[in-house]
Structure formats: C-alpha cells, structure tokens
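>>> test case, fold it:
(chains A and B)
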Amino acid sequence: MKRVALLGMPNTGKSTLFNRLTGSNARVGNWPGVTVDLATAKVLVGAHMVELVDLPGVYDLHGFSDDELVVRHFLEAAPVDAVVVILNSSQVDRQLALAMQVRALGVPALVLLNMADEARRYGIEIDAPRLSQGLGAPVVPLSAKYGAGVPEALARLAHVLDQAGPPREASVRAALAEDHRREEEIESLLRTSVVVPERLSEQASDRIDQVVLHPWLGLPLFFLAMLVVFQAVFWIGSPLQDVVEWLFEAVRKSALEPGLAFMPELARGLLLDGVWAGVGTVAAFVPLIVVFFFFLAAVEDSGYLSRAAFLTDALMSRLGLDGRAFVMLIMGFGCNVPAIMGTRVMRDRPMRLLSMLTIPLSLCSARLQVFVFLAAAVFSPARAPWVLFFLYVTSFATVVVTALVFRRRFASREPFVIELPPYRMPTLRQVWLRGWGEVRHFLRRATSFIFFGVLAVWLLTHFPAGAAPAGPDTIAGWIGSALQPVLGPLGIDEKLAVALIFGFVAKEVVIGAFAVIYGLEGNALAAEFARNMDWVAATSFMLFTLIYTPCLSTVATLRSESRSLGFTTLAVAWPLALAWLFSFAFYQGMRALGF
Amino acid sequence: MIAAVDGPEGLRRRLAALGFRAGRAVVVLRRASLRGPLHVRLGTTDVALRQAEAGGVSLRAVAPLAPQAA
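Residues are numbered from 1 along each chain as shown, chains lettered A, B, ... in the order given. Alright, predicted model coming up:
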C-alpha cells in the first residue's frame, strides 16, 4: 500500500478532485500529531493500491494557521510515497510558491493544474512541459469538476509511484529554509512558461458582484438569500422528518407493540420508549442534515459564502466572529445540529468554537413548537405573536451576550484576509457527496451518545419500578423536588422541572412530557395551563426552555465537532447559568412590579 | 502599485500567498458598508481584507489606470 498526500491552497478544487477520485468510499481517520480528521480513501492507481489523504487547504507550509500546522505535522510524522499538488491554473502566478516548497520537500511529486478551462477564459496560457522542467515534477492540466484530464493525471501518478523509493517523512524544515531564495526562481519560471494577458477580459463574476456586493443592496439581498435557503431547507427537511417519525411510529404500532406484548411492562417500556425512541431520535435528524448540507455545499461551492462573510463582517467582527458564523447562526434557527456541523467551513479553531457556543442559543424549530403551544394556552391570540417575537429577540440577545463574554477567551488568531473566488456552478455530484458524507459522519459520531442519553432519561422518569411514569416518586420527580430551591424563584414547580428533564432529549418532547406528567392532552392540557399559570410564570418557563441546555443531539454534535469534553461542558453549563439569570431577572422583576 | 508589505510574519505570509508582493498592481474594487472590509483585486485573484490588515500594505501611486476588467 502506497500513501499519497493531496495538497493545495484553498479554492483550488482539491476536495472536488479527492471526491472525484474516491467517489463515496472516503472515510475520516485520525493521524498521529494531527488534531483534526483527515479524509482518506483507497484508490487503485495503475498497479498500486494507494491510500489517498486529503490534507486541508493551505497557503504555505510554515504553519501559522491551524490548518497549516496540521499539514506540517502530518508531513513530518507520516511517511508518504508521493505528494500531489493541485494548483488553480488562473492563479498559477501566486500558487507556484507552494509547488516550489513541495519540490524542496524531497518527496516525489505530481503537479496538477486544475480549472484549466477557467484559465483559458481569462486568456492565460501555461506551457506545461516547461513548467514541469522547472518544478522537477510532471505537470498535468485537468478539470477536477468535469473530469477532463483525470485519467492522464492518474497515469502520471502511477508512473511517479513506479519510480519512487521507499516512503519517507518530508523535511519541511529544510524546505522552508530555502524559502527566501525562491522568489527569483519563481519569477523566471513564470516568465518562461506562463502567459498572462495584459488586460483581463471582463468576467461574469464582476457583473454579479456589482449587484450582490452593492453597498446598499448587498445586505438586503443577503438576508433575502438566507431567508430563501432557510425556508427551502426546512420546507423540504421538516416533511421528510415527519415521514421518518411516522415510519418509526408505524413500525412500533404494527410490529413492535404486538410482537413484544408477551414481555413484562417495564421491559417493554424500556425497549419501546427507551431503545426504539432513541434510534428514532437519531434517525429524525438524517433528512434535515442531508438537505442542509445540499444547500450549504451549493452556497459554498458557488462562491457566495465568502461574499456573505465580506458583507456581514462589519457586524460580526465586533462580536469576535465573522460572516460565516452569521450564516451558521441563522441556520441554527432551524436546527442547531447541522448548523454546528456547518461551522467546519470556519478554519480557525477559536472562532469556530465561539461560533459553536452561540449557535445552541438560537431559537430552533423544536423550541418553537413548545412556545407556540404554551403561548396559545396562556396568552390571548392577539398577544401570543408578541410573546414569540419577544423570545426571538431574547434569543439574539443571548447570542450577543455570549459572544461578547467569550470573545477574548476564543480570540481568533487568523487575519481576516479571504479569497473571493469567481462564481462557479456547483455540480450535483459534489452537492450529493457532501450531504451523504455529513450524514455518515453524524451517525458514526453522535449515535451512541444520543442513544444512551434517551435511555438515561427514560430510566430517570420510570424508576424506581412501580412509580407512575414521570410522577413525583420517580428519580426525575425527586430531582425536580430537590431543584425547587433553585427553580422555585423562577416560578418553575416540580412538574415543570420534570418536563425540563424530558426536554433535554429534544425540546419538542416537552409538550409530550406535559401530557404524561399532567395526564391530560390537547385542549384539556392547554386549559390546565391557563388555569394554573399566569403570564409571568409561563414566560419565565419559556425563557428558561429557550436558553437552558442544548438538546441531547446538539450536545452530541458539540462533543464530536469540538473533540473536547471541557468545551462541551462549558457549552452546557453556560446556557444553564444564562437561562437561570434571564428567568430569575424576568420573574422576580415582574413580581416586584406587582404583576 | 504595492511598495511594501509589512506586519506580523503570519499576516505577511498570508498576504504574499494571495499575491500581495512588492511591485504588483492592486485595484480596490469596493468596500463593504458600515466600515466593512475592502474588496481588492490582484491579477486574477479577488481578496477581501479588513482595514486593520490592509494597513500593513503600503502603496505607491501610479498613473490612474482604467480598472482592470471592471
């Protein structure tokens, strides 16, 4: 087995090439000394079985950014048989430096000139044989997106591997030591092998940018685009989610309940409400994640995501975030889970963590269900929409507060200097691969955590055996009573506290929990609330539900994406504290005012 | 025309990798509203950068030339 590393600057189509070469059999793996997952896949190249490793996009090998450190550590620690460098043909003038650094690594290399078609449109001509001489490595033009030139590239790679010696660690230090002497060499190589026209022809991207990045129109257009994407994701995703839930319910009703009828009630409850419900909770996220990443991949590949960062930077930089965080935050208002996974587009770890800390505070659609129910039960139809509006405003406020509090602790190390690539048409294949890749990632990393969480909540609310489910004699009931000194001042009684424990599984479960706890459903339940709860207590409870802890699936995602237990703990503890403060201030403030 | 690029090494290298090198022409295309970042073009590369980062790039005036490709 040979190992080949794929290297290139951001926006060169490196991952597109990786996906093209490997199809959907890529998997993520851990590497010694490297803190992030790297995608790898086995591919047959000529007579060689090759393990292809997709390294993060980097501008050079020095290691000033997180990604550059990852690449540097990887090259220093893992022996490779060859390095494939992918360059964007139309930017070869500035990307050649990376190829030169690779040449100095002392590892067999292959240089690919991607987006040859785009370069041609600019009128840029590249003399590949001459460039190859200068770089001391074969150079192959290709289009990773449409596949032209890929067979030739593979043939050349096989040839490189035929001639390669044993694998070795690259000497990054040595390669970088000669850095300063390389400038002139690059210049002369460019002069002899690349022709750039004096005046570049006008590109379609310029015309789009004139509208999309317009000083006044830009931001409104961005919000409109966000609204459209948001609606599309959840109009398509939510019905699919319902289908999955319906399927799980149908299997339960028609097969599991009759099939397990012989079992004692407690064991049956464990299997149905613990195990089966746990599997269902995980499965319900699958359609949403697929649809979300279809759209995110499309937005990202088209080049609009970096424009969004450009447009909203003035707003976000004050919060220590950037425009990409804004996009994810907005998406979090649909569902926190894919939004947190989506923060992977941010390459700077501190900023990504800060973004992941704020996303769970956005009022997701699951919480909205609870609020719609409660607002309708306790408030008049004229007032209810204002309550929802107030909750949305509070949600934004908690995001801002959190960002301001933690801005320094998660200070970004990376300069805000980003490329705005030309607009490109995303291909269906790319978008599709991305969606499924993310779902596999979610299932592999989050399933067991969510599953055991659902099981634990079931045990809390059904034990000790013999107690009425979710009643005061269960463990959950004891916890609810024990928490009274803390939750009482917020106007949250024992029964509501038990509902909050259920809500940890998924926020929408809170309504179902009410039904179990109060033994009432639908209108009867709403009437019960209207009788027993005044508007202050109801609003305080909604505030607490809005902020308190991220749901189980969100926590699982936070853990798998941050790979840090400490951060995950913070991401649970901070909202809890914030929820208590907000509810306390509201409840006691209103009571003090005489309401 | 860029006269010189300075600043911390990490920033300098990032700018260099994106094409900010002495002697190269840079065109400022636009600026985001609310004192946001600048949108500049170097050859075939478009870059967005904040004021703070752009401060390290010193320019030398050249005869006003028609913006490239605009």
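>>> ok, now how distant is residue A:539 from residue A:375?
Using Cβ to Cβ, to the nearest Å, residue A:539 is found at 9 Å from residue A:375. Placement of C-beta: from N, CA and C, glycine included.
>>> who touches both of those two?
residue A:387 (Cβ atoms under 8 Å, 6 or more residues apart in numbering or on different chains).
>>> lowest-pLDDT helix or strand in the chain?
Answering for chain A, as no chain was given. Within chain A, no helix or strand scores below strand A:27-29, which has a mean of 63 by mean pLDDT, DSSP states H and E.
>>> following it, which helix or strand shows up next?
Next helix or strand after strand A:27-29 toward the C-terminus (DSSP states H and E): strand A:38-45.
>>> list the buried ones in that following strand?
For strand A:38-45, the neighbour count (16 or more other Cβ atoms under 10 Å in any protein chain shown) marks A:38, A:39, A:40, A:41, A:43, A:45 as buried.
>>> now the fourth one, nearest residue through space, not along the chain?
Think residue A:41. Once flanking residues are discounted, residue A:41 sits nearest to residue A:22: 3.5 Å by Cβ to Cβ, 6 or more residues apart in numbering or on different chains.
>>> was I right to think that neighbour contacts residue A:51?
No: contact status for residue A:22 versus residue A:51: not in contact, 10.4 Å apart, counting by Cβ atoms under 8 Å.
>>> neighbour count: the two, which is higher?
Neighbour count, other Cβ atoms under 10 Å in any protein chain shown: between residue A:22 and residue A:51, residue A:22 has more, with 19 against 16.
>>> list the contacts of that one.
Here residue A:22 is in contact with A:41, A:43, A:52 (Cβ under 8 Å, 6+ apart).
>>> next: residue A:442.
Residue A:442 touches A:285, A:286, A:289, A:337, A:341, A:557, A:560, counting by Cβ under 8 Å, 6+ apart.
>>> for residue A:94, same thing?
With Cβ under 8 Å, 6+ apart, residue A:94 has these contacts: B:17, B:18, B:19, B:42, B:43, B:45.
>>> show the pLDDT at the last one.
Here the pLDDT value assigned to residue B:45 is 89.
>>> write out the residues of chain B neighbouring chain A.
Proximity of chain B to chain A, by Cβ under 8 Å from any Cβ of the partner chain, involves residues B:9-11, B:13-19, B:29-37, B:39, B:42-50, B:53, B:68-70.
>>> circling back to that earlier point, state the distance from the residue nearest to residue A:41 to residue A:264.
Distance from residue A:22 to residue A:264, by Cβ to Cβ: 50 Å.
>>> one step back: save the contacts of residue A:94 as a markdown table, and put in secondary structure too.
Output for those, formatted as a markdown table (DSSP: H, G, I helix; E, B strand; the rest coil):
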| residue | secondary structure |
| --- | --- |
| B:17 | helix |
| B:18 | coil |
| B:19 | coil |
| B:42 | strand |
| B:43 | coil |
| B:45 | strand |
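>>> which stretches of chain A have low pLDDT?
By pLDDT under 70, the low-scoring segments of chain A are A:24-35, A:178-180, A:198-202.
>>> which among the buried residues of strand A:38-45 gets closest to chain B?
Lowest distance from chain B to the buried residues of strand A:38-45 (Cβ to the nearest Cβ) belongs to residue A:38, with 21.4 Å.
>>> for chain B, what spans make up the helices?
For chain B, the helices defined by DSSP state H cover B:9-17, B:51-54.
>>> who does the longest one touch, helix- and strand-wise?
In this structure, helix B:9-17 packs against helix A:92-103, strand A:417-419, strand B:2-5, with contacts taken as 3 or more Cβ pairs under 8 Å, 6 or more residues apart in numbering or on different chains; DSSP states H and E.
>>> switch the cut-off to 10 Å
Applying 3 or more Cβ pairs under 10 Å, 6 or more residues apart in numbering or on different chains; DSSP states H and E, one finds that helix B:9-17 makes contact with helix A:66-77, helix A:92-103, strand A:417-419, strand B:2-5, strand B:45-49, helix B:51-54, strand B:57-59.
>>> just name the most buried of these.
strand B:45-49 (a mean of 25; mean count of other Cβ atoms under 10 Å in any protein chain shown).
>>> got phi/psi on residue B:35?
phi 60, psi 40 (degrees, to the nearest 10).
>>> is it true that it touches residue B:51?
Yes: applying Cβ atoms under 10 Å, one finds residue B:35 in contact with residue B:51, separated by 7.3 Å.
>>> what do these two both touch?
residue A:317 (Cβ atoms under 10 Å, 6 or more residues apart in numbering or on different chains).
>>> redo the helices of chain B as a markdown table? Include mean pLDDT.
Compiled in a markdown table, the helices of chain B are given as follows (pLDDT from 0 to 100):
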| stretch | mean pLDDT |
| --- | --- |
| helix B:9-17 | 85 |
| helix B:51-54 | 84 |
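>>> contacts only, for residue 18.
This is for chain A. Counting by Cβ under 10 Å, 6+ apart, residue A:18 makes contact with A:6, A:8, A:26, A:39-41, A:43, A:52-55, A:84, A:86, A:144, A:433.
>>> nope, chain B
By Cβ under 10 Å, 6+ apart, the neighbours of residue B:18 are A:9-10, A:59, A:91, A:94-95, A:417-419, B:40, B:42, B:45-47, B:49.
>>> mind doing that once more with 8 Å?
Per Cβ under 8 Å, 6+ apart, neighbours of residue B:18: A:59, A:94, A:417, A:419, B:42, B:45, B:47.
>>> swap in residue A:534?
Counting by Cβ under 8 Å, 6+ apart, residue A:534 touches A:378, A:595.
>>> and what of residue A:295?
Residue A:295 makes contact with A:229, A:232, A:233 under the criterion Cβ under 8 Å, 6+ apart.
>>> quick check: it vs residue A:227, distance?
Using Cβ to Cβ, residue A:295 is found at 13 Å from residue A:227.
>>> which stretches of chain B aren't confidently modelled?
Using pLDDT under 70, chain B drops low at B:61-70.
>>> redo that, cut-off 90
By pLDDT under 90, the weakly predicted segments of chain B are B:1-27, B:31-36, B:42-45, B:49-70.
>>> once you drop chain neighbours, what's closest to residue A:222?
That would be residue A:311: by Cβ to Cβ, 6+ apart, it lies 5.1 Å from residue A:222.
>>> by contact count, what packs against the one helix or strand the one you found maps to?
Following DSSP H and E, one finds residue A:311 within helix A:304-316. With contacts taken as 3+ Cβ pairs under 8 Å, 6+ apart, helix A:304-316 sits against helix A:204-212, helix A:218-251, helix A:323-332, strand A:417-419, strand B:45-49.
>>> ok, residues contacting that helix?
Outside helix A:304-316, the residues that touch it by Cβ under 8 Å, 6+ apart are A:209, A:212-213, A:218-219, A:222, A:225, A:299, A:322-327, A:345, A:416, A:418-421, A:423, B:32-37, B:39, B:48, B:50.
>>> the same query, at a cut-off of 7 Å, please.
Identification of contacts with helix A:304-316 by Cβ atoms under 7 Å, 6 or more residues apart in numbering or on different chains yields A:212-213, A:218-219, A:222, A:299, A:322-327, A:345, A:416, A:418-421, B:32-37, B:39, B:48, B:50.
>>> just the buried residues out of those, in ChimeraX syntax.
Restricted to buried positions by 16+ other Cβ under 10 Å, the ChimeraX selection for those reads:
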select /A:212,213,218,219,222,299,322,323,324,325,326,327,345,416,418,419,420,421 /B:32,33,36,37,39,48,50
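>>> hang on, isn't residue A:582 packed against residue A:547?
Yes: if you go by Cβ atoms under 7 Å, residue A:582 and residue A:547 touch, sitting 5.9 Å apart.
>>> out of these two, which sits in the busier spot?
Between residue A:582 and residue A:547, counted using other Cβ under 10 Å, the more crowded position is residue A:547 (27 against 22).
>>> neighbours of the spatially closest residue to that one that is not a sequence neighbour, how many?
Counting by Cβ to Cβ, 6+ apart, residue A:547 lies nearest to residue A:579, which is 3.6 Å off, once chain neighbours are set aside. With neighbours defined by other Cβ under 10 Å, the count for residue A:579 comes to 21.
>>> okay then, goodbye and thanks.
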